[in-house]
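Visitor: What follows is a protein structure lacking sequence information:
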């Protein structure tokens with residue numbers, strides 16, 4: 001896993017100890033993850049590669065010890081610093097939208113909002129290369145701690161302001177965001193290659209976010225507005 005820095009910012013308060021990981025037989029067994037995946041399939045998730053990724057990546061390794069019993073429930077969980085790990089069903093939906101109808105693995109993909117690193121680990125199984133940006137230094141470091149033992153070679157963690165994207169890695173075959181602003185930043189659209197797809201929440205009306213899918217074609221950009229969702233607000237700068 002490569003680590004890169006982008007931009008400067010103050011260091012957010014650190015926890016006194018890194019999060020511990022679960023070691024109980026129940027949460028370490030593949031059966032628990034497979035049960036979660038089966039529930040998602042029953043709810044309508046059909047993309048085989050996304051299902052396989054969800055079955056392979058251990059979500060309980062990305063949450064605090066006190067919350068591991070809820071790791072495979074379909075619920076968002078706090079990961080500190082006012083952020084959450086999204087519900088498995090929401091993560092699965094966004095990954096399916098990113099991948100559906102496209103040859104896998106995708107090429108280079110940009111993730112805005114690394115959080116605890118869970119979605120980056122999933123993307124690594126669906127893409128050739130993942131650039132994942134986080135604006136909170138403490139979360140950036142936590143994701144690095146979470147991902148290091150997994151030895152994932154195609155994930156690059158970047159500390160920086162995701163609202164500007166990451167031009168150094170562009171163009172991207174896909175962009176996926178875990179935070180929603182008033183609209184899709186133009187910088188993200190410009191960093192898509194022709195044939196690429198973006199999946200992100202956006203607050204298109206006051207107090208209400210929707211999932212937005214944007215395809216870049218030779219003629220321009222094609223946008224679809226889908227179901228209502230709720231993500232943390234997209235913020236600029238670093239902290």
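Guide: Here it is on my side, so go on. Note that the coordinates shown come from a computational prediction; the quantities given were computed from them, not determined experimentally.
Visitor: longest strand anywhere in this structure?
Guide: strand 192-205 (DSSP state E).
Visitor: just checking, what packs against that strand?
Guide: Helices and strands touching strand 192-205, by 3 or more CB pairs under 8 Å, 6 or more residues apart in numbering; DSSP states H and E, are helix 88-99, strand 172-177, helix 186-190, strand 208-217. No exception for glycine: its C-beta is placed from N, CA and C like everyone else's.
Visitor: Name the stretch among those that sits most buried.
Guide: Among these, the stretch with the highest mean neighbour count (mean count of other CB atoms under 10 Å) is strand 172-177, at a mean of 25.
Visitor: show me where the protein has helices.
Guide: Remark: helices assigned in the chain by DSSP state H are 25-28, 30-42, 48-56, 88-99, 118-123, 137-147, 186-190.
Visitor: contact partners of the last one?
Guide: The reference is to helix 186-190. The contact list for helix 186-190, computed with CB atoms under 8 Å, 6 or more residues apart in numbering, reads 110, 112, 163-165, 167, 170, 175, 177, 198, 200, 214, 216, 221.
Visitor: For those residues, which PyMOL command selects only the ones that are buried?
Guide: Buried members of the contacts of helix 186-190, defined by 16 or more other CB atoms under 10 Å, are picked up in PyMOL with:
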select buried, resi 110+112+163+164+165+170+175+177+198+200+214+216
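Visitor: Looking at the backbone only, give me phi and psi for the residue nearest to residue 179 when sequence neighbours are not counted.
Guide: Among residues not flanking residue 179 along the chain, residue 234 sits closest, at 4.1 Å (CB to CB, 6 or more residues apart in numbering). The phi/psi pair for residue 234 (degrees, to the nearest 10) reads phi -80, psi 130.
Visitor: quick one: residue 234 from residue 42, how far?
Guide: As judged by CB to CB, to the nearest Å, residue 234 and residue 42 stand 32 Å apart.
Visitor: again, but for residue 75
Guide: Noted for residue 75: a distance of 17 Å to residue 42, by CB to CB.
Visitor: what do you get for residue 153?
Guide: 34 Å.
Visitor: Export the helices and strands packed on strand 192-205 as JSON lines, with columns for mean pLDDT and distance to residue 51.
Guide: Shown next, in JSON lines, are the helices and strands packed on strand 192-205 (pLDDT from 0 to 100; distance: least, CB to CB, whole Å):
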{"stretch": "helix 88-99", "mean pLDDT": "98", "distance to residue 51": "8"}
{"stretch": "strand 172-177", "mean pLDDT": "98", "distance to residue 51": "17"}
{"stretch": "helix 186-190", "mean pLDDT": "98", "distance to residue 51": "27"}
{"stretch": "strand 208-217", "mean pLDDT": "97", "distance to residue 51": "19"}
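Visitor: lowest-pLDDT helix or strand in this structure?
Guide: Sorting the helices and strands of the chain by mean pLDDT, DSSP states H and E puts strand 2-5 at the bottom, at a mean of 46.
Visitor: so what's the residue most central in space within the chain closest to, chain neighbours aside?
Guide: When CA atoms, centre = their mean is applied to the chain, the residue found nearest the centroid is residue 119 (3.8 Å). Spatial nearest neighbour of residue 119, chain neighbours left out: residue 91 (5.7 Å); criterion: CB to CB, 6+ apart.
Visitor: ok, that neighbour touching residue 122?
Guide: Yes. Using CB atoms under 8 Å, residue 91 is in contact with residue 122, at 6.9 Å.
Visitor: and for these two, which residues touch both?
Guide: Residues touching both residue 91 and residue 122 (CB under 8 Å, 6+ apart) are residue 54.
Visitor: any low-confidence regions in the protein?
Guide: Applying pLDDT under 70 to the chain flags residues 1-28.
Visitor: Tell me which residue of it is furthest from the middle?
Guide: residue 219 (28.4 Å).
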